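Visitor: Make a model of this:
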Amino acid sequence: MPLNPPISILIVDDEADLRNLLVEALQDQGYAAEGADGGASALAMVRSKHYPVIFTDLNMPGGLSGLELLRAIHDEDPRTLGILMTGYATTESAIQALKRGAYDFIQKPFKLAEIEAGLERALEHYRLIRENEEYQQNLERMVEARTQEILGLKNDIERLFEGFVNASVTAIESRDPSTSGHSSRVADLTVGLAEAVNQTPNGRFGSLFFNPLQLREIRYASLLHDFGKVGVREQVLVKAKKIEGERLESIYQRLHQRTLEAMRENMLDAWGKGQVFDHDLVARLLGQQEEETSRLMELVRRSNEPTVLPQEVALELNQLGDLTYQHWSGEPRTLIDQRDLELLRIPKGSLSEAERDEIQNHVTYTYRFLSQIPWTSELAGVPEIAWAHHERLNGKGYPRQLKEEDIPVQSKLMAVSDVYDALTAADRPYKAAVSVERSLQILEQEAKINLLDTEVLRIFMEARIYEKTTGHLQVPR
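Guide: Residues are numbered from 1 along each chain as shown. Below is the predicted model of the structure:
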């Protein structure tokens, strides 16, 4: 509270002459001095008005003593400073007075100059206290304003980062539309699984608890776990068959051309031997050749599927290696080159070893990308969690072949979620969707051979985490 003149001063003394003398003297000095004849009247005045300084006699018969009055005034208005006046001063009484709340102590009889000096000291002390209070209040307001500004900036940064994560997921899915929604589903499953771990009171994870920041870390790692696919060639990323596009069309075209070449050779051979044109013979030869071509085309078609290659089909592929056709230059060429033949011999899936390595490298690309982000300390584990989601407990995962003890538990949670969603997904061009029941059976089989964590899978199944993304699918009861 500022000290604007005239400053209110209260003189409390049962001796009217002394009281009036002090009031008049202080008024002459420009103060708004007032008098009270005892503690009761002084308290009444304090309740209706603020006095920066109050002078009070120590001993006032028939009512409150000076010290009792100062204590009562302090309860009413703690900002008021009290100065005791007494004619019975001792060092001990002065010390006790100061201990009990008096600002200063003046001994009677006193000179007016002592009152003025004591008042000036008290008012200066009062001014400093009020300035400090105002500074503290301003500082609190500044801190509050700055805190709100920082919180607003924090919220802006979080919204910005959420937007970045969502844009990253969109970028991933634009490269491979067949996996649209996979990242979000894996995030829902993995976070749900982590929350189920929090609710597990016993077992290997009984003492494990993920706080909200750790759950956010898991969510970001799950959403971004496949970001490295942006570094994989599109023709490999979305490859549904072993051979696709123009290369497959070229093989079929050459087989068709081979039929025509064989017919031409048969007809030329017959005419060279003096045989006349026989329409029925030509039709029969053409039918035989087309039947052979259809059989070979079917062999290529069956071999080109990403399913498990049957042994008998693999053996039949050997005959394709010797087939030739006539190039436009006139020289014979191998009908199916060795590279395409090796692709058709892939025992399972649509990818060659080199292509599979390229796909698997997406995990390392993800880690390198995520490691460039200046994560906060609470989210610093995001790159490592995402990096290890394809590792397996038996050390046969990728890319680092980590052993069980080296795989983060968050990555073990994500591994179960990732495999489950990949199995049940209905939009993969290279495989049909697997039912929920069969998918859970496959997960159990993988856990038995030490690929997936058995305890994680137990929680996944008992808490029915898979229901978070199955929606309309039929789930086992």
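Visitor: where do the strands sit along the chain?
Guide: 8-12, 32-36, 53-57, 81-86, 104-107, 324-326, 332-334 (DSSP state E).
Visitor: What is the last one packed up against?
Guide: Packed against strand 332-334 by the contact rule (3 or more Cβ pairs under 8 Å, 6 or more residues apart in numbering; DSSP states H and E) you find strand 324-326. Where C-beta positions appear, they are placed from N, C-alpha and C, glycine not excepted.
Visitor: circling back to that earlier point, want to throw the strands of the chain into JSON lines with mean neighbour count and distance to I251?
Guide: Compiled in JSON lines, the strands of the chain are given as follows (neighbours: other Cβ atoms under 10 Å; distance: least, Cβ to Cβ, whole Å):
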{"stretch": "strand 8-12", "mean neighbour count": "24", "distance to I251": "107"}
{"stretch": "strand 32-36", "mean neighbour count": "20", "distance to I251": "110"}
{"stretch": "strand 53-57", "mean neighbour count": "26", "distance to I251": "107"}
{"stretch": "strand 81-86", "mean neighbour count": "24", "distance to I251": "103"}
{"stretch": "strand 104-107", "mean neighbour count": "18", "distance to I251": "109"}
{"stretch": "strand 324-326", "mean neighbour count": "16", "distance to I251": "10"}
{"stretch": "strand 332-334", "mean neighbour count": "13", "distance to I251": "11"}
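Visitor: Minimum distance to P408: which of these has it?
Guide: strand 332-334 (49.8 Å; Cβ to Cβ).
Visitor: The closest one pairs with which strands, parallel or anti?
Guide: strand 324-326 (antiparallel) (DSSP bridges).
Visitor: List the contacts of the strand it pairs with.
Guide: R254, Q257, R258, E261, P332, R333, T334, L335 (Cβ atoms under 8 Å, 6 or more residues apart in numbering).
Visitor: Pick out the lowest-pLDDT one from those.
Guide: On pLDDT alone, E261 ranks lowest of the contacts of strand 324-326, at 83.
Visitor: re the thing from before, can you lay out the strands of the chain as TSV showing distance to I385?
Guide: Output for the strands of the chain, formatted as TSV (distance: least, Cβ to Cβ, whole Å):
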stretch	distance to I385
strand 8-12	69
strand 32-36	72
strand 53-57	67
strand 81-86	63
strand 104-107	68
strand 324-326	53
strand 332-334	48
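Visitor: per the record, what domains does this structure have?
Guide: According to automatic domain parsing, the chain comprises the domains 8-133, 176-235+357-470, 240-350.
Visitor: Please render those as JSON lines that adds distance to A167 to the earlier fields.
Guide: Shown next, in JSON lines, are the domains of the chain (distance: least, Cβ to Cβ, whole Å):
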{"stretch": "domain 8-133", "distance to A167": "50"}
{"stretch": "domain 176-235+357-470", "distance to A167": "11"}
{"stretch": "domain 240-350", "distance to A167": "27"}
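Visitor: So what's the residue count around E404?
Guide: By the measure other Cβ atoms under 10 Å, the count of residues near E404 is 13.
Visitor: Hmm, K396 and it touching each other?
Guide: No. Counting by Cβ atoms under 8 Å, E404 stays clear of K396, with 11.4 Å between them.
Visitor: Return the distance of the lengthiest helix in the chain from the chain's centre.
Guide: Secondary structure assigned by DSSP state H gives helix 112-175 as the longest helix of the chain. Mean C-alpha position of helix 112-175 versus that of the full chain (Cα atoms, centre = their mean, to the nearest Å) differs by 28 Å.
Visitor: what packs against that helix?
Guide: Using 3+ Cβ pairs under 8 Å, 6+ apart, helix 112-175 sits against helix 16-28, strand 53-57, strand 81-86, strand 104-107, helix 182-198, helix 212-223.
Visitor: of all these, which lies closest to L413?
Guide: Among the helices and strands packed on helix 112-175, helix 182-198 sits nearest to L413 (Cβ to Cβ), with 4.8 Å.
Visitor: Tell me how far P310 lies from L317.
Guide: 11 Å (Cβ to Cβ, to the nearest Å).
Visitor: what about those two, which has more around it?
Guide: Counted by other Cβ under 10 Å, P310 and L317 do not tie: L317 has more neighbours, with 18 against 12.
Visitor: my read: the more buried one touches L344, true?
Guide: Yes. Here L317 reaches L344: they are 5.8 Å apart, a contact under Cβ under 8 Å.
Visitor: hey, what's in contact with both of these two?
Guide: S303.
Visitor: can you list residues touching both of P310 and L317?
Guide: Contacts common to P310 and L317, judged by Cβ under 8 Å, 6+ apart, are absent.
Visitor: count of neighbours near M45?
Guide: 18.
Visitor: The closest residue to it other than its chain neighbours: what's it in contact with?
Guide: Setting aside the residues directly before and after it, M45 is nearest to A36 in space (Cβ to Cβ, 6 or more residues apart in numbering), at 5.8 Å. Contact partners of A36, counting by Cβ under 8 Å, 6+ apart, are L10, I11, V12, R19, A42, M45.
Visitor: Kindly report the same for L281.
Guide: A270 are the contacts of L281 under Cβ under 8 Å, 6+ apart.
Visitor: Now do it, the pLDDT please.
Guide: 72.
Visitor: ok, it to A270 distance?
Guide: For L281, the distance to A270 - Cβ to Cβ - is 8 Å.
Visitor: repeat for R146
Guide: When R146 is compared with A270 (using Cβ to Cβ), they lie 99 Å apart.
Visitor: same check, this time on E312
Guide: For E312, the distance to A270 - Cβ to Cβ - is 36 Å.
Visitor: what's the answer for S377, then?
Guide: From S377 to A270 the distance is 86 Å (Cβ to Cβ).
Visitor: Have a look at the two and say which one is more surrounded.
Guide: A270 (16 against 7).
Visitor: For that one, give me its contacts.
Guide: L281.
Visitor: Please pull out the lowest mean pLDDT helix or strand from this protein.
Guide: Within the chain, no helix or strand scores below helix 91-99, which has a mean of 66 by mean pLDDT, DSSP states H and E.
Visitor: where does the stretch 151-300 of the chain have low pLDDT?
Guide: Residues of the stretch 151-300 of the chain that meet the criterion pLDDT under 70 lie in 178.
Visitor: hmm, 80 instead?
Guide: 173-180, 234, 237-238, 266-267, 269-282, 285 (pLDDT under 80).
Visitor: before we move on, the earlier item: and the contacts of strand 324-326, which two are furthest apart?
Guide: Spanning the widest gap among these are E261 and T334, at 14.2 Å by Cβ to Cβ.
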